[in-house]
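K.L.:
Build me a model from this:
(chains A, B, C and D)
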Number of protein chains: 2
Amino acid sequence: MRKKSTNSQEEMAKFAKALGHPTRLEILRLLSTQSCCFTGDLVEVLPIAQSTVSQHLKELKNAGLIQGEIDAPKIKYCINKENWEKARLLFSGFFD
Amino acid sequence: MRKKSTNSQEEMAKFAKALGHPTRLEILRLLSTQSCCFTGDLVEVLPIAQSTVSQHLKELKNAGLIQGEIDAPKIKYCINKENWEKARLLFSGFFD
DNA sequence: ATAGTTCATCGCAAATTTACGATTGATTTT
DNA sequence: AAAATCAATCGTAAATTTGCGATGAACTAT
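P.N.:
Numbering: from 1, shown residues only, chains lettered A, B, ... in the order given. As a prediction, the model looks like this:
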């Protein structure tokens, strides 16, 4: 009784929350079809301001779903494969 | 260029958003292990106020993941199996 | 009819999210 | 060194989310 949520529920909620916006889903789709993207490539494709794209990227990064590396003067974003797999397992386990 | 998100992305985002809170994940887990629950059963188990549980139930219902039927004076909540399956397919398709 | 039960909804406050333009810092190019 | 490019961050506004206690609606039980 009065049980708090488990660690894996916290983690899954964190992933789900990050996935809970169409723009972020689109970013992830773009990153996973092409292997990686520069921020600028995403800004060209998405119908929102550059600063907003950066914010979404930050949230995806905080959730651990993507990672960025410097390729000066650009930044190259990729799927974080380790956590991607973690998320995949959590979701597939969740849906019985 | 400037492409908006697709319908299935909108739908998946809607599901993901509903899944993006530990309490709602816990509610769904409880509903799926037992086949159904009364609101009161959930309130007993969860460490939050009754009104807050009701709000979370409402969100899950709006997202289509659960459905409630009257069993007076209680309300019996169950997984919405049709949409559950839809969500399962969207997520499993998303993670390659 | 009255009292009790069950759960949704209201009203509110605090925190978070989403979006934008402007600015800044870092790096590259001229 | 100066100008240009790239992307994060700042500051702000509006909307949404999360949570609670109190109230209300619908039904049941006495």
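K.L.:
Please verify my assumption that residue A:22 contacts residue B:13.
P.N.:
Yes: at 4.6 Å, residue A:22 counts as touching residue B:13 under the criterion of C-beta atoms under 8 Å. Where C-beta positions appear, they are placed from N, C-alpha and C, glycine not excepted.
K.L.:
Quickly list what's touching both of the two.
P.N.:
residue B:5 (C-beta atoms under 8 Å, 6 or more residues apart in numbering or on different chains).
K.L.:
Packing partners of the helix or strand where residue A:93 lies?
P.N.:
Using DSSP states H and E, residue A:93 falls within helix A:81-94. When contacts are defined as 3 or more C-beta pairs under 8 Å, 6 or more residues apart in numbering or on different chains; DSSP states H and E, helix A:81-94 packs onto helix A:7-19, helix B:22-33, helix B:81-94.
K.L.:
Tell me what residue A:69 is bridged to.
P.N.:
Beta-bridge partners recorded for residue A:69 (DSSP bridges): residue A:76.
K.L.:
Please work out how many residues are found near it.
P.N.:
10 (other C-beta atoms under 10 Å in any protein chain shown).
K.L.:
check contacts around residue A:79.
P.N.:
A:28, A:31-32, A:65-67 are the contacts of residue A:79 under C-beta under 8 Å, 6+ apart.
K.L.:
my bad, residue A:18
P.N.:
The neighbours of residue A:18, taking C-beta under 8 Å, 6+ apart as the test, are A:24, A:59-60, A:62-63, A:65, B:20.
K.L.:
just the residues you listed now: which is nearest DNA strand C?
P.N.:
Relative to DNA strand C, the closest of the contacts of residue A:18 is residue A:59; by C-beta to the nearest atom of the strand it sits at 6.0 Å.
K.L.:
need the residues of chain A near chain B, please.
P.N.:
Within chain A, the residues that sit near chain B (C-beta under 8 Å from any C-beta of the partner chain) are A:1-5, A:9-10, A:12-14, A:16-26, A:28-29, A:32, A:44-47, A:84, A:87-88, A:91-92, A:94-96.
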